[in-house]
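Asks: 3D model of this:
(one chain, ligands or ions: 2)
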Amino acid sequence: MLSVVPASAESRPVSVQAPAKVNLFLGVGDLRVDGYHELTTVFQALSLSERIRLSPAETLTISVRGDNAAAVPTDDSNLAARAARALAERCDRDPAVHIDIDKGIPVAGGLAGGSADAAATMVGLDRLWETELSRAELSDIAAELGSDVPFSLHGGTALGTGRGENLMSVLSRGELHWVLAISREGLSTPAVYGELDRLRAGGSAPTVRDPAELLQALAAGDPHRLAPLLHNDLQPAALSMRPTLRRTLRAGTDAGALAGIVSGSGPTCVFLCASARSAVDVAAELSGAGVCSAVRTATGPVSGAHVVEEAEQ
Ligand SMILES: C[C@@](CO)(OP(=O)(O)O)[C@H](O)COP(=O)(O)OP(=O)(O)OC[C@H]1O[C@@H](n2ccc(N)nc2=O)[C@H](O)[C@@H]1O
Ligand SMILES: Nc1ncnc2c1ncn2[C@@H]1O[C@H](COP(=O)(O)OP(=O)(O)O)[C@@H](O)[C@H]1O
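Replies: Ligands and ions are numbered 1, 2, ... in the order given. Take a look at the predicted model:
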């Protein structure tokens, strides 16, 4: 059925959903002169998500709800506020909007929650302000906000290069089933990259592995083949800063997961399971193991940041 968009649609609040990400493969190369590391990474968007509501307002304001909302800044340092200002500047307009963020993604968890908020804000304001920017233009602005923001827009499963902002879609057949072990205390991304540099100092130059085999396993849609190929170069650094994560990783595989890794810079540990049923069993056992503060199940891949139409709300 065709939906009729009323002429005043641009002044109505817009709701947007944006996903968490996991790095199925994270190869970290040399530290560049600009302070970033050269990456080869395979991202997957997960069904754990943020909900953002954008409404016209007198000035730019932010409110944050949900788990650990108190840990999220509501000033101009919030990534969603930075996204609104960047888009407003690009379109030569006033960033007069209220951004209400409902956090479904743990803060500082290595799951790109802040990047999801930035991507959601861009997609929502594109609708609210009728900017009609192309995906490529939105993606360029996203890359200026943070290395993970372009993927939060893109969603699905993608190969990321550069500092993670250059994306190429990759085929991922079927649905993967994940269990997430969440820590109450986050880890700082720059601190984890810094710890990796410290661990590597004096050693030989990093050799970045090739994700080709992992990409083949994804295309085949076989979680058993994929499990031993999951890889994260930041994991030793995250474990060095948070040694208790070793116990969390062990508990997940003991509970029946096919494999577990630290997600990005951590501290969230993600476990790949053979089926939806196995994920429920692993989640139940992990919940009782006392190795994390919360457990969630999720599936991937899912779409990137997108407007939630009224009928879906
Ligand atoms: C590690 C990853 C893996 O996807 O994600 P998280 O675990 O944080 O979610 C990303 O590389 C994080 O991306 P993002 O969180 O957007 O980081 P940015 O804001 O761009 O950069 C924050 C800081 O992280 C370090 N950084 C980030 C990206 C990169 N390729 N090399 C780096 O060294 C730099 O110290 C930089 O100043
Ligand atoms: N909208 C936001 N949501 C979460 N954190 C934000 C946001 N804006 C800025 N931040 C800051 O960014 C830090 C990292 O946030 P987050 O994206 O959740 O983690 P990660 O980089 O580990 O994926 C937080 O500790 C917080 O201080």
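Asks: buried stuff in stretch 28-37?
Replies: For stretch 28-37, burial by neighbour count (16 or more other Cβ atoms under 10 Å) applies to 28, 31, 37. All C-beta spots, glycine's among them, are computed from the backbone N, C-alpha and C.
Asks: from ligand 1, how far off is the first one?
Replies: The one in question is V28. In this view, V28 and ligand 1 are 7 Å apart by Cβ to the nearest ligand atom, to the nearest Å.
Asks: could you identify the helix or strand that succeeds the longest strand belonging to the chain?
Replies: Secondary structure assigned by DSSP state E gives strand 37-56 as the longest strand of the chain. Note on strand 37-56: by DSSP states H and E, the next helix or strand toward the C-terminus is strand 61-66.
Asks: sheet-wise, list the partners of that following strand with their directions.
Replies: Paired neighbours of strand 61-66 in the sheet (DSSP bridges): strand 97-103 (parallel).
Asks: picking up where we left off before, who are the packing partners of the longest strand of the chain?
Replies: The contact analysis (3 or more Cβ pairs under 8 Å, 6 or more residues apart in numbering; DSSP states H and E) places strand 37-56 against strand 14-31, strand 97-103, helix 113-128, helix 149-154, strand 157-161, strand 176-182, helix 212-220, strand 294-300.
Asks: hmm, 6 Å instead?
Replies: In terms of contacts (3 or more Cβ pairs under 6 Å, 6 or more residues apart in numbering; DSSP states H and E), strand 37-56 is packed against strand 14-31, strand 97-103, helix 113-128, strand 157-161, strand 294-300.
Asks: and these as a markdown table, adding mean pLDDT and distance to S240?
Replies: Below are those laid out as a markdown table (pLDDT from 0 to 100; distance: least, Cβ to Cβ, whole Å):
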| stretch | mean pLDDT | distance to S240 |
| --- | --- | --- |
| strand 14-31 | 97 | 14 |
| strand 97-103 | 98 | 28 |
| helix 113-128 | 98 | 23 |
| strand 157-161 | 98 | 24 |
| strand 294-300 | 98 | 24 |
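Asks: who wins for proximity to ligand 2 among these?
Replies: helix 113-128 (2.9 Å; Cβ to the nearest ligand atom).
Asks: for the helices and strands packed on strand 37-56, give me JSON lines that also has distance to I182.
Replies: Output for those, formatted as JSON lines (distance: least, Cβ to Cβ, whole Å):
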{"stretch": "strand 14-31", "distance to I182": "11"}
{"stretch": "strand 97-103", "distance to I182": "12"}
{"stretch": "helix 113-128", "distance to I182": "11"}
{"stretch": "strand 157-161", "distance to I182": "22"}
{"stretch": "strand 294-300", "distance to I182": "4"}
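Asks: list the contacts of G146.
Replies: Residues in contact with G146 (Cβ atoms under 6 Å, 6 or more residues apart in numbering) are S115.
Asks: got it, and S115?
Replies: S115 neighbours (Cβ under 6 Å, 6+ apart): 146, 148-149, 152.
Asks: how does it look with 7 Å?
Replies: 79, 146, 148-149, 152 (Cβ atoms under 7 Å, 6 or more residues apart in numbering).
Asks: excluding its backbone neighbours, what's nearest it?
Replies: Of all residues not flanking S115 in the chain, D148 sits nearest, at 4.0 Å (Cβ to Cβ, 6 or more residues apart in numbering).
Asks: fine by me, thanks again.
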